[in-house]
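Trainee: Compute the structure for the input listed below.
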Amino acid sequence: MTEAALLPLAVAIPLIGAALLAVAGRILPRTGCDILATATASAEVVCLALLWPHSRDLATADLGGWPARLGIVLAADPVGAGLALLVAVLVLAVVIYSWRYFDEPVGEHAGAFPALILLFEAGMAGFALTGDLFNAFVFFELMGAAAYALTGYRIEDPRPLHGALTFGIVTSFAAYCSLFGIGLLYARTGELGLARIGPSLASHPTDVLTVVAFALVCLALLVKAAAVPFHFWLPDAHAVAPTPVCMLMSGVMVELGVYGVARVYRVVFSGAGGIPPHAFRTTFTVLGVLTALVGALMCWQQRHLKRLLAFSTVSHVGLFLIGIALLTPAGVTGTAVYVAAHGCVKAALFALTGVLLDRYGSVDEHGLHGRARELRPVGVLFLTGALALAGLPPFGTGLGKALGEEAAGHGHPWLLPAVYVVASAVTGAAVLRAGLRVFFGVGPVPRSRPGEEETTGDGEEPELRAPERTLPLPMTVVPAVLLALAVLVGCLPAVAAALAHGAEVFTDPARYADAVLTGPGTPPEAEATQTTWWTTPGALLGLLSALLATALATAAVLHRGPALSTDHPVVRTVRALRRLHSGHLGDYLAWLAVGLAALCLALVTQT
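Mentor: Predicted coordinates for the structure are as follows:
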């Protein structure tokens with residue numbers, strides 16, 4: 001099957017599946033809906049697995065019979081197609097994990113949840129594959145609308161509803177700003193196709209309109225990516241969303257925001273009339289470092305496991321932003337490998353956290369101390385995921401981290417690699433600490449700190465509503481398979497080599513434009529020249545991160561001495577940072593406005 005057929009199918013398959021479930025779900029039993037959803041998700045994996053080899057030289061498909069210069073086009077390079085394939089793999093894992101996720105009463109619409117999951121998939125796949133800026137916005141909003149509904153799926157509980165409303169309002173406000181930025185670009189160039197906006201911008205000098213348009217377009221992407229200070233909605237949404245939804249939001253949705261920033265800059269704004277490379281590099285490197293360190297610090301402070309994992313996602317988004325800000329193929333390669341493995345590891349950790357919520361109705365690290373000793377296999381998987389998050393070789397997270405550190409080290413011999421080590425070690429340590437306490441009962445029962453402002457997770461409703469039954473097999477098999485896939489990413493040289501070639505293509509906007517406008521195969525094939533495999537320094541830094549994570553976690557669980565004084569500068573700083581995460585919608589919108597103003601100011605002063 002040709003790419004001209006596979007590209008539209010990649011978007012159409014989940015849409016058709018969602019429509020069938022919306023109709024047939026009213027008459028089919030729960031098992032029938034699960035079979036239909038699994039078959040659709042499997043077909044999407046097959047479609048994108050067939051598409052990925054075609055994307056080596058940029059696969060394109062004109063829609064509606066219109067040529068790319070006049071109409072809508074889908075375009076897949078190895079990075080975009082690979083990200084869409086990751087979406088499909090994680091959606092299939094979520095669908096299988098959810099086989100017995102809800103015990104729907106007789107007569108209820110059993111197909112609603114899997115239909116929303118497939119709509120979510122259609123939006124994510126379409127965003128990764130579109131070559132049109134306005135349709136990128138449309139797919140992004142389809143993704144967002146499905147995510148809002150999934151976050152508040154338990155509508156009878158006010159907490160998910162509140163989290164969904166906060167998520168929806170914050171991201172919708174950012175989306176309107178993005179749409180305004182698209183309008184500014186259209187007014188300047190008269191174009192919406194990504195491949196045509198860049199050359200049209202080149203005929204105009206870089207001015208305030210260009211900078212503001214770029215900042216506005218990036219705003220929605222950075223909010224969805226949960227970059228600091230646009231990240232506040234993410235922990236709140238993860239704390240209340242169903243576990244399968246968290247698996248997708250942290251596993252791949254936030255990464256799509258990072259991908260969108262890189263794609264828009266590379267294809268539209270990297271040439272004459274756009275944003276100077278040094279301005280983008282400096283601004284987004286600073287943003288990445290801030291996101292990585294704030295996310296790591298907040299991750300360490302959590303005892304609610306879903307919030308802990310959400311803040312670890314924020315921290316790793318910072319590392320991904322650093323990778324794309326380097327503006328080198330090596331930086332994109334490291335980020336692509338890191339994203340592929342991180343998505344599997346993070347989805348696995350959320351799936352294992354869902355086991356705790358199913359068994360005990362809580363995800364509070366302190367309250368669950370030693371209670372999950374009976375779930376030793378689950379505990380072993382949880383600790384394995386923690387070490388993978390820390391970058392332990394041979395996991396793909398370690399390989400992506402190593403490649404990113406090497407790329408970052410060329411311009412900054414120690415600073416940026418140190419950020420990679422610290423962020424991965426602290427986030428891995430926080431997950432290790434929780435696993436040692438909950439599954440193995442290591443150390444004394446933690447005492448609450450005076451004046452602690454923390455959502456503990458106590459009293460949460462068991463997600464499966466039947467904690468006395470035998471644990472369903474998919475709830476342990478799915479995370480085990482996902483962790484195995486993360487190992488394969490780090491052990492199969494062909495994966496990293498393919499993504500390295502994709503990075504060469506991704507960083508060549510002229511090649512992208514030629515393929516979209518005149519057809520693929522016109523430019524000569526670019527071969528990857530950067531390192532694509534383990535090096536001794538990279539492996540040693542991965543081991544260092546894992547050892548630091550282990551040391552931090554061990555010290556935390558065995559600590560018996562007095563806590564720091566409430567007047568200690570470190571405690572005051574952490575308390576102030578925690579108070580910023582107030583849960584108030586007005587505060588989050590204020591920070592969004594502050595972040596947008598800072599982004600515009602940083603770019604304008606360097607342009």
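Trainee: alpha carbons only for contacts and neighbour counts from here, please
Mentor: OK.
Trainee: Spell out the residue ranges of the helices in the stretch 351-500 of the chain.
Mentor: When assigned using DSSP state H, counting those that start in this stretch, the helices of the stretch 351-500 of the chain occupy the ranges 376-389, 396-409, 415-440, 474-491, 493-506.
Trainee: Quick check: Leu256 vs Met298, distance?
Mentor: 23 Å (CA to CA, to the nearest Å).
Trainee: Who has more neighbours out of these two?
Mentor: Leu256 (26 against 23; other CA atoms under 10 Å).
Trainee: so of the helices of the stretch 351-500 of the chain, which one's packed in deepest?
Mentor: helix 396-409 (a mean of 29; mean count of other CA atoms under 10 Å).
Trainee: chain center to that helix: distance?
Mentor: Relative to the chain's own centre, helix 396-409 is displaced by 18 Å; criterion: CA atoms, centre = their mean, to the nearest Å.
Trainee: Columns distance to Phe214 and mean pLDDT on top of the helices of the stretch 351-500 of the chain, output as TSV?
Mentor: Below are the helices of the stretch 351-500 of the chain laid out as TSV (distance: least, CA to CA, whole Å; pLDDT from 0 to 100):
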stretch	distance to Phe214	mean pLDDT
helix 376-389	32	95
helix 396-409	24	92
helix 415-440	25	94
helix 474-491	34	94
helix 493-506	19	90
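Trainee: Could you check those and tell me which one is nearest Phe232?
Mentor: helix 415-440 (17.7 Å; CA to CA).
Trainee: quick revisit: Pro205: which of the helices of the stretch 351-500 of the chain is closest?
Mentor: helix 493-506 (24.7 Å).
Trainee: can you pull the buried residues of the helix or strand of the chain with the lowest mean pLDDT?
Mentor: None of the helices or strands of the chain scores lower by mean pLDDT, DSSP states H and E than helix 569-580, at a mean of 78. Buried residues in helix 569-580, counted by 16 or more other CA atoms under 10 Å: Arg575, Arg578.
Trainee: and the next element down the chain from that helix?
Mentor: helix 585-605 (DSSP states H and E).
Trainee: Which strands and helices lie in contact with that next one?
Mentor: Helix 585-605 sits against helix 158-189, helix 208-225, helix 277-301, with contacts defined as 3 or more CA pairs under 8 Å, 6 or more residues apart in numbering; DSSP states H and E.
Trainee: Helix 569-580 and that one, what's the angle between them?
Mentor: Interaxial angle of helix 585-605 relative to helix 569-580 (axes from the mean of the first three to the mean of the last three CA atoms, to 10 degrees): 110 degrees.
Trainee: now Pro8: how far from Ala84?
Mentor: According to CA to CA, Pro8 stands 13 Å off from Ala84.
Trainee: if you count what's nearby, which of these two comes out ahead?
Mentor: A count of neighbours by other CA under 10 Å puts Ala84 above the other of Pro8 and Ala84, at 30 against 18.
Trainee: State the distance from the residue nearest to that one when sequence neighbours are not counted to Gly80.
Mentor: Spatial nearest neighbour of Ala84, excluding adjacent residues (CA to CA, 6 or more residues apart in numbering): Ala125 at 5.0 Å. To Gly80, Ala125 is 9 Å away according to CA to CA.
Trainee: Of the two, which one has the most company?
Mentor: Ala125 (30 against 26).
Trainee: any idea which helix or strand comes after the helix or strand encompassing that one?
Mentor: Per DSSP H and E, Ala125 falls inside helix 112-129. Following helix 112-129 in sequence order, the next helix or strand is helix 133-151 (DSSP H and E).
Trainee: what angle sits between that following helix and helix 208-225?
Mentor: 30 degrees.
Trainee: pLDDT score for the residue nearest to Ala84?
Mentor: As predicted, Ala125 sits at a pLDDT of 94.
Trainee: same check, this time on Gln530
Mentor: So Gln530 comes in at 69 (pLDDT).
Trainee: coming back round to it: by how many degrees do the helix holding Ala125 and helix 133-151 diverge?
Mentor: 150 degrees.
Trainee: Packing partners of helix 112-129?
Mentor: Using 3+ CA pairs under 8 Å, 6+ apart, helix 112-129 sits against helix 3-24, helix 30-54, strand 73-76, helix 78-97, helix 133-151, helix 254-264.
Trainee: Can I get the ones you listed in JSON lines including mean pLDDT and distance to Phe167?
Mentor: JSON lines is the format used below for the helices and strands packed on helix 112-129 (pLDDT from 0 to 100; distance: least, CA to CA, whole Å):
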{"stretch": "helix 3-24", "mean pLDDT": "88", "distance to Phe167": "23"}
{"stretch": "helix 30-54", "mean pLDDT": "91", "distance to Phe167": "26"}
{"stretch": "strand 73-76", "mean pLDDT": "86", "distance to Phe167": "29"}
{"stretch": "helix 78-97", "mean pLDDT": "94", "distance to Phe167": "21"}
{"stretch": "helix 133-151", "mean pLDDT": "90", "distance to Phe167": "7"}
{"stretch": "helix 254-264", "mean pLDDT": "94", "distance to Phe167": "13"}
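Trainee: Show me the one of the ones you listed that comes nearest His238.
Mentor: Per CA to CA, nearest to His238 of those: helix 133-151, 8.0 Å.
Trainee: Send me the closest one as CSV with only the CA atoms.
Mentor: The C-alpha coordinates for helix 133-151 follow below in CSV (Å, rounded to 0.1, in the frame of the first residue of the first chain):
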residue,chain,number,x,y,z
LEU,A,133,-0.9,25.1,10.1
PHE,A,134,-4.6,25.6,10.5
ASN,A,135,-5.3,21.9,10.4
ALA,A,136,-2.6,21.4,13.0
PHE,A,137,-4.7,23.7,15.2
VAL,A,138,-7.9,21.7,14.3
PHE,A,139,-6.2,18.4,15.2
PHE,A,140,-4.7,19.9,18.3
GLU,A,141,-8.2,21.0,19.4
LEU,A,142,-9.7,17.6,18.6
MET,A,143,-7.0,16.1,20.8
GLY,A,144,-7.8,18.6,23.5
ALA,A,145,-11.5,18.1,23.5
ALA,A,146,-11.2,14.4,23.8
ALA,A,147,-8.6,14.9,26.6
TYR,A,148,-11.0,17.2,28.5
ALA,A,149,-13.8,14.7,28.3
LEU,A,150,-11.6,11.8,29.4
THR,A,151,-10.2,13.7,32.3
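Trainee: Any buried residues in it, and which?
Mentor: Neighbour-count burial for helix 133-151 [16+ other CA under 10 Å]: 133-151.
Trainee: how distant is that helix from the center of its chain?
Mentor: 15 Å.
Trainee: can you list the residues that contact it?
Mentor: 113, 116-117, 119-124, 126-127, 130, 160-161, 163-165, 167-168, 171, 175, 178-179, 182, 192-194, 237-238, 240-242, 245 (CA atoms under 8 Å, 6 or more residues apart in numbering).
Trainee: among the helices of the stretch 351-500 of the chain, which is nearest His568?
Mentor: Per CA to CA, nearest to His568 of those: helix 415-440, 20.9 Å.
Trainee: Show me what that closest one is packed up against.
Mentor: helix 277-301, helix 305-325, helix 376-389, helix 396-409, helix 536-558.
Trainee: looking at those, which is closest to Arg359?
Mentor: helix 376-389 (11.9 Å).
Trainee: what angle separates the closest one from helix 415-440?
Mentor: Using the same axes, to 10 degrees: helix 376-389 against helix 415-440 is 170 degrees.
Trainee: distance between helix 376-389 and the chain's centre?
Mentor: 20 Å.
Trainee: and that helix with helix 305-325, angle?
Mentor: Going by the same axes, to 10 degrees, helix 376-389 makes 30 degrees with helix 305-325.
Trainee: Can you tell me what sits against helix 376-389?
Mentor: By CA under 8 Å, 6+ apart, helix 376-389 touches 342, 345-346, 348-349, 352, 372, 395, 397-398, 424, 427-429, 431-432, 435-436, 439-440, 476, 479-480, 483, 546, 549.
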